[in-house]
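Asker: Got a predicted structure plus its sequence, pasted below:
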Amino acid sequence: PRDLVEIFGTGGSFGIFRVSSTTTLPGEAVLVDLEHTFAALDDDVTEADKALRGTMREILTAILGYQYLPRWVLGDVEDTTTGLELKVDRMTLREAVTAAVKLVDDRGIFFEQTDTTWKLHVRKLATAPTCECRLSRNAAGVELEVDDHELCTRVVAKELPGSAMQVEA
């Protein structure tokens, strides 16, 4: 869990993903659950009881500034609305980014991972579907699962410098 992998298809890279859990089916296979590296923003939180104000770019820049290990940077922001406000209170950065983008209608989050620094873009959403998803049936059998969903990577206390401490996992 937590290793990064890049997935390729016939058209090139599908992006970089983080292993969230593995399941071993003895003598058969190892199943690997992946999450997009956008989930890495769940490893950090915003300040307590803070209002972020300004344009979408200013708010997202402030949110990404809370990263302990800065992997995500802000790219294109197709919105110039002023006077936006987002109240945060120890939200994960992924929750905060998502909430900020929802302040304006018809905008979505798009990713670019062609380098070691990943870019997050906010762009106008397409009006027609651009993809589809087909799910297969679950396999029956023995499963051994390793899962990091409840792994704690931060400590919050007034006595710590900056009121928080990040722990690398």
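Answerer: Thanks, I have it.

Asker: Show the model's pLDDT score for residue 160.
Answerer: According to the prediction, residue 160 has pLDDT 74.

Asker: likewise residue 38?
Answerer: 93.

Asker: Contact partners for the nearest residue to it once chain neighbours are set aside?
Answerer: Spatial nearest neighbour of residue 38, chain neighbours left out: residue 94 (6.1 Å); criterion: C-beta to C-beta, 6 or more residues apart in numbering. Bear in mind the C-beta positions are built from the backbone N, C-alpha and C, glycine included. Residues in contact with residue 94 (C-beta atoms under 8 Å, 6 or more residues apart in numbering) are 38-39, 41-42.

Asker: try residue 20
Answerer: Contacts of residue 20 by C-beta under 8 Å, 6+ apart are 1, 33-35, 39, 147-149.

Asker: Just say helix, strand or coil for the spatially most central residue of the chain.
Answerer: By C-alpha atoms, centre = their mean, the mean C-alpha position of the chain lies nearest to residue 38, the distance being 2.2 Å. Put simply, residue 38 is helix when judged by DSSP: H, G, I helix; E, B strand; the rest coil.

Asker: That one and residue 74, how far apart?
Answerer: Residue 38 is 13 Å from residue 74, where distance means C-beta to C-beta, to the nearest Å.

Asker: Common neighbours of these two, please.
Answerer: Taking C-beta under 8 Å, 6+ apart as the criterion, residue 38 and residue 74 both touch residue 120.
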